[in-house]
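**Q** Build the 3D model from these lines:
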Amino acid sequence: MKFRIAGAGLTLLLAACSPSPQDEAAETANMPAVSAEQSMTSETTAVVPFIPVDFNPPILVEAEGFKLVPLGPDLVKVDFDAYMSSIEHLQVTFSRSSSWPREDISDADAMLDMETEQSRFRNRESFAYGVLTPDGTRELGSVYVAPSTVSGYDAVVKMWVTKADYDAGFDAQLYAWVTNWVAAEWPFIKVAYPGRAIDWDTWDALVAANAVGSGADLSDDPELLAQNLKTAEGMIDAFYSFDPALLGGFLADAGESQVKILYYQGWAEGGNYKVLNRAACEPEAPMVISCAITVQDDPVVQLQTGFNVTDTFHLSFDGPTIVGVKTSSDDQPIYFEARKWVEKNMPEVMTGPCLDRNKGGKTPGDCARAMTEGYRLFYSATQEGAADS
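**A** Okay, here's the model as predicted:
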């Protein structure tokens, strides 16, 4: 097998791409929320880095018949064309979710994803590569190298190819090549290949068991745990479908939580929430499963912090039934400062579209849009104040 690698000492011109409650509803649990990937990354950065400090991740790998380069803004079109050509195929074989890829991904969404992954690559948190034809005109698929949340594995590698290339047999060829490449060129001892060397069901069980070993106690009934994890993922799918009827079906026995989460769904739709990273749902405590979602949303965008919020849904179960949902968020202090500014300077918002927002008000989308405008005005006011001083 022949391949040639250019190290990361060269200027990094390309970056990576990959496939939240905010108002009062987001503060019910009163704790900061980070995704599984983020918390694991921050811990390993502080204690044991994902990759050694003296290791330079490759920025160009030339193999026979294809090449790997970090995905980034320069490749947004070929990447977009590749995954949009294979939506149903990837939802079944790779993401196993209707959230990515999906038909309504816009050019802006695609660019945003690439910019997010660019930060991860540059921060040495995870590494995503496009698999391109030698001339770079077409993307055949992607390869992702990331930290593992499962003990015993120091990395997890995932990959996909387009439906056309899968049918042509390239998937098996790429998998064989990648395993050799990772073994030869990356500093890992044991690598997991979900959906390949480890089937998805087994991998999901390992992820769940790892979370159980970290403090939850759901291992007495593994079948119920698996069922509840599936239900939790389904509820998250329903939430971001922005279909209240679909979401309501999951919350029929959730009591007051049903009203709050349905309101929050309306707020999220009005705030134009875009999912950037969706961590797998995991056990958190006896009969509690948490799902962390990192999003970009219009209210926070107006604050121009460059920060993307991670919301965590904490689902309480009674047997196989969701009986309550709380949410927590890692909103920055400026978010709450902006809200207080709107409450003081724009009272018509609080008595109008945001009336009864903490009690299941009737216009959550209008409230989100009004608060977005309020945050824009808050930012302008603070900038003017800083200039005057």
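**Q** Give the next helix or strand downstream of the lowest-mean-pLDDT helix or strand in the chain.
**A** None of the helices or strands of the chain scores lower by mean pLDDT, DSSP states H and E than helix 36-46, at a mean of 34. Per DSSP states H and E, helix 36-46 leads on to strand 60-63 as the next helix or strand towards the C-terminus.
**Q** Give me the neighbour count for Pro222.
**A** 13 (other C-beta atoms under 10 Å). Just so you know, the C-beta spots here come from the backbone N, C-alpha and C atoms, and that holds for glycine as well.
**Q** Got phi/psi on the closest residue to it other than its chain neighbours?
**A** Spatial nearest neighbour of Pro222, chain neighbours left out: Ala205 (7.3 Å); criterion: C-beta to C-beta, 6 or more residues apart in numbering. Here is the backbone geometry of Ala205 (degrees, to the nearest 10): phi -70, psi -40.
**Q** Correct me if wrong: Ala205 contacts Ala226.
**A** Yes - using C-beta atoms under 8 Å, Ala205 is in contact with Ala226, at 6.9 Å.
**Q** what about the strands in the chain?
**A** 3-6, 60-63, 66-70, 127-132, 139-146, 155-161, 191-192, 274-278, 282-285, 288-296, 309-318, 321-329 (DSSP state E).
**Q** Now mean neighbour count and distance to Ser119 too, for the ones you listed, in CSV please.
**A** Shown next, in CSV, are those (neighbours: other C-beta atoms under 10 Å; distance: least, C-beta to C-beta, whole Å):
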stretch, mean neighbour count, distance to Ser119
strand 3-6, 14, 21
strand 60-63, 18, 20
strand 66-70, 23, 12
strand 127-132, 25, 11
strand 139-146, 23, 14
strand 155-161, 23, 19
strand 191-192, 20, 23
strand 274-278, 20, 10
strand 282-285, 20, 24
strand 288-296, 23, 12
strand 309-318, 22, 14
strand 321-329, 20, 20
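**Q** how about JSON lines for those, with distance to Arg357 and mean pLDDT added?
**A** Shown next, in JSON lines, are these (distance: least, C-beta to C-beta, whole Å; pLDDT from 0 to 100):
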{"stretch": "strand 3-6", "distance to Arg357": "53", "mean pLDDT": "50"}
{"stretch": "strand 60-63", "distance to Arg357": "51", "mean pLDDT": "96"}
{"stretch": "strand 66-70", "distance to Arg357": "42", "mean pLDDT": "96"}
{"stretch": "strand 127-132", "distance to Arg357": "38", "mean pLDDT": "96"}
{"stretch": "strand 139-146", "distance to Arg357": "37", "mean pLDDT": "96"}
{"stretch": "strand 155-161", "distance to Arg357": "39", "mean pLDDT": "96"}
{"stretch": "strand 191-192", "distance to Arg357": "43", "mean pLDDT": "96"}
{"stretch": "strand 274-278", "distance to Arg357": "22", "mean pLDDT": "92"}
{"stretch": "strand 282-285", "distance to Arg357": "27", "mean pLDDT": "82"}
{"stretch": "strand 288-296", "distance to Arg357": "19", "mean pLDDT": "92"}
{"stretch": "strand 309-318", "distance to Arg357": "17", "mean pLDDT": "90"}
{"stretch": "strand 321-329", "distance to Arg357": "14", "mean pLDDT": "88"}
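**Q** Dump those to CSV, plus distance to Asp54.
**A** Formatted as CSV, the strands of the chain follow (distance: least, C-beta to C-beta, whole Å):
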stretch, distance to Asp54
strand 3-6, 16
strand 60-63, 19
strand 66-70, 19
strand 127-132, 16
strand 139-146, 17
strand 155-161, 17
strand 191-192, 20
strand 274-278, 28
strand 282-285, 33
strand 288-296, 30
strand 309-318, 31
strand 321-329, 37
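**Q** ok, what's across the strand from the nearest residue to Ile198 once chain neighbours are set aside?
**A** Excluding the flanking residues, the one nearest Ile198 by C-beta to C-beta, 6+ apart is Ala192, at 5.9 Å. Ala192 has these beta-bridge partners by DSSP bridges: Val156.
**Q** From Met159, how far off is Ala192?
**A** According to C-beta to C-beta, to the nearest Å, Ala192 and Met159 sit 12 Å apart.
**Q** Ok, Gly195 next?
**A** From Gly195 to Met159 the distance is 9 Å (C-beta to C-beta).
**Q** With Ala128 instead?
**A** Taking C-beta to C-beta, one finds Ala128 at 10 Å from Met159.
**Q** and the residue nearest in space to the middle of the chain, bridged to which residues?
**A** Note on the chain: the residue nearest the mean C-alpha position is Asn277, at 0.9 Å, using C-alpha atoms, centre = their mean. Taking DSSP bridges as the rule, Asn277 bridges to Thr294.
**Q** Near the nearest residue to Pro147 once chain neighbours are set aside, how many other residues are there?
**A** Closest residue in space to Pro147, ignoring its immediate chain neighbours: Phe50 at 4.7 Å, by C-beta to C-beta, 6+ apart. By the other C-beta under 10 Å criterion, the neighbourhood of Phe50 contains 22 residues.
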